[in-house]
Each structure stands twice: as C-alpha cells, then as structure tokens.
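J.: give the three-dimensional model of this entry:
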Amino acid sequence: MADFLRSGGRRGHGHVRGHVVTQRAYVLQPVRSLPMRIGVWAMVCIACVSAGAAAMRGYATYADSAAPPAVVPAAHDELQDALARAQLALKQEAASRASVQKSADALTVEVRRLQAQVLFLQGQSRSRR
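T.: Numbers count the residues shown, from 1 in each chain. Sure thing, here's the model as predicted:
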C-alpha cells in the first residue's frame, strides 16, 4: 500500500507484489439485483401502509371508547317521558287558552254590538214619547 503513495522515478512504482496497477475508470456496481431492490421498496411501502391502517384503527377505537355510552339508563328514559308529557300538557293548555281568548274576543264584539242596538232602541223609544 505504501508503494501507491510514494512518488518518484523508482523502478518499483506501479508494481504491487508483481501486479501492475493500471489506471481504469471504475464504476460502482449495485450490490443487489434490480428485482431485489424493487422487492425491498415494495416491502417498505406495504409496511408504511400497514402502519397507517393500524394507526387509523387505533384512533377509531379510541374515538369510540371516548364517546358517551349508547345505552341510556332507565331513569333517564322515565325522565324524558315525564318531560314529554309535561310539554304536551303545556301545549294543550296554551291551545285551550287561545280558544277561550278567541271566544272572549268574539263575545266582547257581540256585547258591544248589542249595547249599540240597545242604545239605538232606547233613543228610538224616547223620541216617540
């Protein structure tokens, strides 16, 4: 190896243990074949896709477990039923009050009309006397 580094006009220059070192253009050759490189690349892609799918499944499982339970307790159902009955009763009462108010308004109009007629008739009877 030292012979390679030495410079000078010595006769031993260029010879290493009886072999002549030539100046050639060296090209790096791939260590693995093309099918092997493609196979490794495909395996890496499959591993990435599998990791992504596992992460998505884990997130979905976490999101489902973090959600409130779908089972509603019986006491909650009874409370909802009582609330629905109270709302229905309130709507019925509001409707009955509206119909009573409408009847009262109609009767008020009728009373005013009858009062006007009574006043008219009283005026007619006074004018005849």
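J.: low-confidence regions, this protein specifically.
T.: 1-22, 30, 66-73, 129 (pLDDT under 70).
J.: show me the strands in it, by range?
T.: Along the chain, counting by DSSP state E, strands occupy 15-16, 19-20.
J.: would you point out which residue is most central in this structure?
T.: The residue lying closest to the centre of the chain (Cα atoms, centre = their mean) is A63, at 10.8 Å.
J.: from the chain's centre, how far out does the biggest helix by length in the chain sit?
T.: When the chain is parsed with DSSP state H, its longest helix is helix 74-128. Distance of helix 74-128 from its chain centroid, counting by Cα atoms, centre = their mean, to the nearest Å, is 50 Å.
J.: what of stretch 44-63?
T.: Counting by Cα atoms, centre = their mean, stretch 44-63 comes out at 18 Å from the chain centroid.
J.: counting neighbours, which bits of that stretch end up buried?
T.: For stretch 44-63, the neighbour count (16 or more other Cβ atoms under 10 Å) marks no residue as buried. Heads up, the C-betas are built off the backbone N, CA and C, glycines and all.
J.: separation between the residue nearest to the centre of the chain and L88?
T.: Going from A63 to L88 by Cβ to Cβ, to the nearest Å gives 37 Å.
J.: and for A54?
T.: Distance, A54 to L88, by Cβ to Cβ: 51 Å.
J.: ditto for L119
T.: Remark: distance between L119 and L88 (Cβ to Cβ) = 47 Å.
J.: try L79
T.: In terms of Cβ to Cβ, L79 sits 15 Å off from L88.
J.: same question, A75
T.: According to Cβ to Cβ, A75 and L88 sit 21 Å apart.
J.: cool, M36 as well?
T.: 76 Å.
J.: give me the domain ranges for this protein.
T.: 32-67, 74-129 (automatic domain parsing).
J.: now these in JSON lines, with distance to Q23?
T.: Listed next are the domains of the chain as JSON lines, based on distance: least, Cβ to Cβ, whole Å:
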{"stretch": "domain 32-67", "distance to Q23": "29"}
{"stretch": "domain 74-129", "distance to Q23": "90"}
